[in-house]
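[1] no sequence on this one, just coordinates:
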């Protein structure tokens, strides 16, 4: 009887990718994935430290899972609880001292060591913490992983050298590291061969990628996009997350030249006030950001732009916030993510004076989200009546329905036979809300 592993992933798409690689590494030791912790020999929580109180939520989750561990122990079954990811990197020793049910804690740069750590724990029955920044890349030690569906992620770059004043990523993910074009293409090609129709290239600042090209020389992100797009059988290519000031002409041109590069760019701006952007240590101005959007729309007029926003950053005035609102009105976003500023321990922004009152943050966030939601709905409504290719990637809300995604990453519900799962089909869009579309097969 095979051993079982249950994985719960918190946070960003990079964590989703990391979880898949951890599952592949442990599969080599005979662990098959299960969708419930109740019958799992290993329970793995892959954590995120970006949002406030992430550790507190983790402690609550571990408490719930510890009850499962104890119940299985009463039946003579052992359960290993592993916590991985950015919370471990930030709070490793404190995490182990507070959460007695955790057996292994491993940071995001060390998850390639999991098979060894599990074997070590089985031999010594001692709790383990590994949260170093190793000299070697973890990617050099990981086994290949198959696609689990029609979409798949490939991490091309990790870490961050930008040091935005509010962000913990440089401290939890380390310095920027870029994989070679050949290594990335080998992974992407294998995913396509095992069923992926769409690849999403991932990085903390994905367009900061620069690495060894196929000819051994230096390549930039535009070169990498062109190379991956040429893989036989790859029907769609996307990338996230982008850093605005690193959007060069080479990359922007790819959106007008490569058919399977989707017309969608996630371009976080965070704020529309230059004073706030400077305090955030974002290395661009609002005017430069707007020029980047203009250049994208010149080469691809139908491109969908999404973004991230932080409201209530320390020192943000009413005038600063209104500048953000004006920028949103000028751009017209297809989708967005917006949050109230929350202080992360150890970041420069957490020590800044003029922290904005919570009530002011809430009022500003409400106003911003109302505007962004109206833009998202307008973008979706604008596709009604059009015929769009939709990649059917998930089960729908009801029997006889699948959920797919347009080139603009709009969730689309289609009543079709489930045998079409994983296919790209032409769909006439018949209805739209702010959050999704409905359509019929053409």
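    Okay, I see it. Everything numeric in this text was worked out from a predicted model, so none of it was measured.

[2] need the contact list for residue 360.
    residue 312 (C-beta atoms under 8 Å, 6 or more residues apart in numbering). To be clear about C-beta, it is placed using only N, CA and C from the backbone, and glycine gets the same treatment.

[3] ditto for residue 40
    Neighbour list for residue 40: 4-6, 34, 79 [criterion: C-beta under 8 Å, 6+ apart].

[4] pick out the most distant pair among the residues you listed.
    Greatest spatial distance among these (C-beta to C-beta): 34 and 79, at 12.0 Å.

[5] okay, now stretch 5-22: how far is its last residue from its first?
    Its start and end residues considered, stretch 5-22 measures 10 Å (C-alpha to C-alpha, to the nearest Å).

[6] chain center to it: distance?
    In terms of C-alpha atoms, centre = their mean, to the nearest Å, the centre of stretch 5-22 is found 10 Å from the chain centre.

[7] before we move on, the earlier item: ok, so of the contacts of residue 40, who is nearest residue 266?
    Checking the contacts of residue 40 against residue 266 with C-beta to C-beta, the nearest one is residue 6 at 29.8 Å.

[8] tell me how many other residues crowd that closest one.
    As a burial measure, residue 6 scores 21 neighbours (other C-beta atoms under 10 Å).

[9] part of a strand, is it?
    Yes: assigned with DSSP: H, G, I helix; E, B strand; the rest coil, residue 6 falls within a strand.

[10] least trustworthy helix or strand in this structure by mean pLDDT?
    None of the helices or strands of the chain scores lower by mean pLDDT, DSSP states H and E than strand 128-130, at a mean of 61.

[11] which element follows it toward the C-terminus?
    Per DSSP states H and E, the first helix or strand lying C-terminal to strand 128-130 is strand 151-155.

[12] which other helices and strands does that next one contact?
    helix 13-27, helix 181-193, strand 198-202 (3 or more C-beta pairs under 8 Å, 6 or more residues apart in numbering; DSSP states H and E).

[13] need the winner for burial among the ones you listed.
    Ranked by mean neighbour count, the helices and strands packed on strand 151-155 are led by strand 198-202 with a mean of 23 (mean count of other C-beta atoms under 10 Å).

[14] show me the contact partners of that one.
    In this structure, residues lying in contact with strand 198-202 by C-beta under 8 Å, 6+ apart are 13-14, 17, 150-157, 184, 188, 191-192, 224-225, 228, 234-240, 391, 393.

[15] that strand pairs with which strands?
    Applying DSSP bridges, strand 198-202 is found paired with strand 151-155 (parallel), strand 236-240 (parallel).

[16] residue 24 is nearest to which of these?
    Here strand 151-155 is closest among the strands paired with strand 198-202 (C-beta to C-beta), at 12.1 Å.

[17] now do that closest one: distance to the chain's middle.
    That offset, for strand 151-155, works out to 10 Å (C-alpha atoms, centre = their mean).

[18] which elements pack onto the next helix or strand after that strand?
    Next helix or strand after strand 151-155 toward the C-terminus (DSSP H and E): strand 157-158. Other elements packing on strand 157-158 under the criterion 3+ C-beta pairs under 8 Å, 6+ apart are strand 177-178.

[19] avg pLDDT for the strand it packs on?
    The average pLDDT within strand 177-178 is 85.

[20] on that earlier part again, pick out the shakiest of the strands paired with strand 198-202, pLDDT-wise.
    The weakest mean pLDDT among these belongs to strand 151-155, with a mean of 92.

[21] what's the angle between that one and helix 13-27?
    Orientation of strand 151-155 against helix 13-27 (axes from the mean of the first three to the mean of the last three C-alpha atoms, to 10 degrees) gives an angle of 90 degrees.

[22] and the angle from strand 151-155 to helix 181-193?
    Strand 151-155 and helix 181-193 meet at an angle of 160 degrees, taking the same axes, to 10 degrees as the criterion.

[23] ok, residue 34 and residue 79, which is more surrounded?
    Between residue 34 and residue 79, counting by other C-beta under 10 Å, residue 79 is the more crowded of the two (23 against 18).

[24] surely the more buried one and residue 68 touch.
    Yes: applying C-beta atoms under 8 Å, one finds residue 79 in contact with residue 68, separated by 6.9 Å.

[25] got any residues that touch both of those two?
    residue 43.

[26] re earlier: could you export the strands paired with strand 198-202 as JSON lines, including mean neighbour count and distance to residue 338?
    What follows is the strands paired with strand 198-202, written out as JSON lines (neighbours: other C-beta atoms under 10 Å; distance: least, C-beta to C-beta, whole Å):
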{"stretch": "strand 151-155", "mean neighbour count": "22", "distance to residue 338": "24"}
{"stretch": "strand 236-240", "mean neighbour count": "22", "distance to residue 338": "17"}
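
[27] would you list those in TSV and tack on distance to residue 318?
    Listed next are these as TSV, based on distance: least, C-beta to C-beta, whole Å:
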stretch	distance to residue 318
strand 151-155	40
strand 236-240	32
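
[28] of all those strands, which lies closest to residue 47?
    Going by C-beta to C-beta, the one of the strands paired with strand 198-202 nearest residue 47 is strand 151-155, 17.0 Å.

[29] using a markdown table, lay out the helices and strands packed on strand 151-155 together with distance to residue 271.
    Shown next, in a markdown table, are the helices and strands packed on strand 151-155 (distance: least, C-beta to C-beta, whole Å):
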| stretch | distance to residue 271 |
| --- | --- |
| helix 13-27 | 23 |
| helix 181-193 | 32 |
| strand 198-202 | 24 |
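
[30] turn the ones you listed into a markdown table, including distance to residue 48 and mean pLDDT.
    Shown next, in a markdown table, are these (distance: least, C-beta to C-beta, whole Å; pLDDT from 0 to 100):
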| stretch | distance to residue 48 | mean pLDDT |
| --- | --- | --- |
| helix 13-27 | 6 | 82 |
| helix 181-193 | 23 | 95 |
| strand 198-202 | 14 | 95 |
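
[31] sorry, back to before: for residue 248, state which of the contacts of residue 40 is nearest.
    residue 5 (41.6 Å).

[32] which residues pair with that closest one across the strands?
    With DSSP bridges as the criterion, residue 5 is bridged to residue 33, residue 42.
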